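1. take this sequence and fold it.
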Amino acid sequence: MTILKDGRERAIECDECPATTDPFDKDDFNQMVETAKKDGWSIKLVGGEWSHRCPDCKGGDRLAAARAKFG
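-> Purely as a prediction, here's the structure:
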């Protein structure tokens, strides 16, 4: 889980690359997550920890899965 905290603002950082969401006020956490998901971010609970992937890295996961399945 990577939530960047800078004073009054929060942002989500991708676990695979340095991409981040736009910053939101610390009181708008739910809005930040909702907006990130609408923008194509993958935010999932995996093995008890939160996983954050930007749209580019999330797309790579699908490509890797397709390659593994179909060769």
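
2. for the rest of this, base every contact and every neighbour count on C-alpha atoms.
-> OK.

3. so how far is residue 8 from the residue nearest the centre of the chain?
-> Centre of the chain computed as the mean C-alpha position; nearest residue by C-alpha atoms, centre = their mean is residue 52, 3.0 Å away. Computed as C-alpha to C-alpha, to the nearest Å, the residue 52 to residue 8 distance reads 21 Å.

4. ok, the residue nearest to the centre of the chain - contacts?
-> Shown in contact with residue 52 (C-alpha atoms under 8 Å, 6 or more residues apart in numbering): 1, 2, 12, 13, 14, 15, 41, 42, 43, 44.

5. run through the bridge partners of it.
-> residue 43 (DSSP bridges).

6. can you pull the pLDDT of it?
-> Note on residue 52: pLDDT of 93.

7. next SSE after the helix or strand of the chain with the lowest mean pLDDT?
-> Lowest by mean pLDDT, DSSP states H and E among the helices and strands of the chain is strand 3-6, with a mean of 66. Per DSSP states H and E, the first helix or strand lying C-terminal to strand 3-6 is strand 9-12.

8. which secondary structure elements does that next one sit against?
-> Applying 3 or more C-alpha pairs under 8 Å, 6 or more residues apart in numbering; DSSP states H and E, one finds that strand 9-12 makes contact with strand 3-6, strand 24-25.

9. ok, residues contacting the shortest one?
-> This points to strand 24-25. Taking C-alpha under 8 Å, 6+ apart as the rule, strand 24-25 contacts 8, 9, 10, 11, 32.

10. quick one: strands adjacent to that strand?
-> strand 9-12 (antiparallel).

11. what's the mean pLDDT across the strand it pairs with?
-> Mean predicted lDDT for strand 9-12 stands at 92.

12. in it, what counts as buried?
-> Residues 10, 11, 12 are the ones in strand 9-12 that count as buried (16 or more other C-alpha atoms under 10 Å).

13. cool, and stretch 39-59?
-> 41, 42, 43, 51, 52, 53, 54, 55, 57, 58.

14. from residue 70, how far out is the fifth one?
-> To residue 70, residue 52 is 26 Å away according to C-alpha to C-alpha.
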